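In: Build me a structure from this.
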Amino acid sequence: MLDHISIYITDLDQSIAFYDNVLGALGIQRSFAIPGIAAYGQMFFWLYAGKAADTMVPERQHLAFKAIDRASVDAFYQAALSRGGKDNGAPGIRSKYHPNYYAAYVIDPDGYKLEAVCHH
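Out: Alright, predicted model coming up:
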């Protein structure tokens, strides 16, 4: 259904260091980086640096990344905290969604709310 998602960030180098580590814990690698832009996965998730970041309201954004297992959710969470991310919900079962919904929540350096989730 979706081709890609883009977010606007204030510091591309800082965001690349953060997302290389955090998404790498989920097996998602950076596809490319050129001045002002970086993309991850099969160019599904894009970072854009620039003035638009000043006008965005990242705390209203929620991005959930699929994890292949619970250990990957845990690694995502630890990687985020080690790279300046903020805790927004430690890894664990969120049974209000379904009995196997295992997720962790963090906030990236620009204020975006991120989730890693495993459904089994």
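In: residue boundaries of the strands in this protein?
Out: 5-9, 30-34, 37-40, 45-49, 62-66, 86-93, 102-107, 113-118 (DSSP state E).
In: list the contacts for S82?
Out: S82 makes contact with N21, according to C-beta atoms under 8 Å, 6 or more residues apart in numbering. For the C-beta atoms, the positions are set from N, CA and C on the backbone; glycine is no exception.
In: err, Q42, not the other one
Out: Shown in contact with Q42 (C-beta under 8 Å, 6+ apart): S31.
In: repeat for K113
Out: K113 sits next to P58, E59, Q61, H62, L63, N88, Y105, V106, I107 when contact means C-beta under 8 Å, 6+ apart.
In: Which one (most neighbours) among the residues you listed?
Out: Neighbour counts for the contacts of K113 peak at V106, which has 25 neighbours (criterion: other C-beta atoms under 10 Å).
In: And the pLDDT for that one?
Out: If you check V106, the pLDDT there is 97.
In: What of P91?
Out: Confidence at P91, expressed as pLDDT, is 98.
In: Hmm, it is touching A80, no?
Out: No - between P91 and A80 there is no contact under C-beta atoms under 8 Å: 11.0 Å.
In: Show me which of the two is the more surrounded one.
Out: Between P91 and A80, counted using other C-beta under 10 Å, A80 has the larger neighbour count: 27 against 19.
In: Could you find the closest non-adjacent residue to the more buried one?
Out: V106 (4.0 Å; C-beta to C-beta, 6 or more residues apart in numbering).
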